[in-house]
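> need a 3D model of the following:
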Amino acid sequence: MHYYYITGVSRGIGKALVEELLKNENNYVIGIGRTNALKHERFEFIKLDLMKLDLVKEFRFIQIIDAQSITLVNNAGMLGNVNHVGKLDNQSIIDSFSLNTIAPAILMNNFALAYQQFDGKKLVLNISSGAGRHTIESWSCYCGSKSALDMYTAVAETEQAEFYKSNPVKFLSVAPGIIDTQMQNEIRAVDKSRFNKVDTFINYKEEGKLTNPKDLARQLIDLIDKSTSFNNPLLDIRELY
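Numbering: from 1, shown residues only. As a prediction, the model looks like this:
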């Protein structure tokens, strides 16, 4: 059986990924987050508010007896306050980095602790963003938190390749492209006085340039299957498919 932990499964990319994975009877999925609307005999849900870091640091991954592979997908994320530095809500800065960077970093640490000695395939796949690799005005919280996630991933992968190469955990961070999710709804609703490129994102929707989450989910599953073939831990889905 192949086991998957996925954060943020209530909607968007996470929900689509769970639904696609469960089409394979050899997959078992464990969702992690605040809310859930999925029910399936091979799905279970762990309620955990990922912005409550005191709870996240106490979370432990279970030992699994019959696993062929174990994968963690850090998918949960938030856009945060869209505005210029100097005009940001300070709590939004804390929340953005908590959900986009610190919570997945803790989960990655605990995943490696739990499964480093596991003999099967083990993978951490972080859903990052092109915004973590390019500056976008008014997106300092999102760009900064995703960039930090990328670097944390790269360091973890470097350590595995150097010190644990006989039995490594694979660490990857992928920019998924522009996906038709709630986050895109939030972007299009931002006032132009706070984000003067909002019309660009409105046009993405009107011109049909947003990727359907189900299409992305199928690409992510293929990427997971091929994960050991990637030398660079920082990937862009648009360069692969």
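> make it CA atoms for all contacts and neighbour counts henceforth
Will do.
> what ranges does this protein have for its strands?
2-7, 27-33, 43-47, 69-74, 121-127, 170-175, 234-236 (DSSP state E).
> buried set for the longest helix along the chain?
Criterion DSSP state H: the longest helix present in the chain is helix 140-163. Within helix 140-163, the residues that qualify as buried are 140-150, 152-154, 156-158, 160-161, counting by 16 or more other CA atoms under 10 Å.
> with stretch 56-64 instead?
56-57.
> end-to-end on that stretch?
20 Å (CA to CA, to the nearest Å).
> likewise stretch 5-21?
11 Å.
> contacts for that stretch?
27, 29-38, 70-77, 180-182, 213-214, 216-218, 220-221 (CA atoms under 8 Å, 6 or more residues apart in numbering).
> repeat the analysis, applying 6 Å as the threshold.
29-33, 35-36, 72-76, 181, 213-214, 217 (CA atoms under 6 Å, 6 or more residues apart in numbering).
> same question for stretch 43-53.
29-34, 98-99, 103.
> gap between it and the chain center?
On the basis of CA atoms, centre = their mean, to the nearest Å, stretch 43-53 sits 14 Å off its chain's mean C-alpha point.
> what's the answer for stretch 187-202, then?
24 Å.
> now do the end-to-end distance for that stretch.
8 Å.
> kindly report the same for stretch 116-136.
Terminal-residue distance, stretch 116-136 (CA to CA): 37 Å.
> that stretch - what's its average pLDDT?
For stretch 116-136, the mean per-residue pLDDT is 97.
> who touches it?
Residues contacting stretch 116-136 (CA under 6 Å, 6+ apart): 68-75, 143, 146-147, 169-175.
> relative to the whole chain's centre, how far out is it?
For stretch 116-136 - counting by CA atoms, centre = their mean - the centre lies 7 Å from the chain centre.
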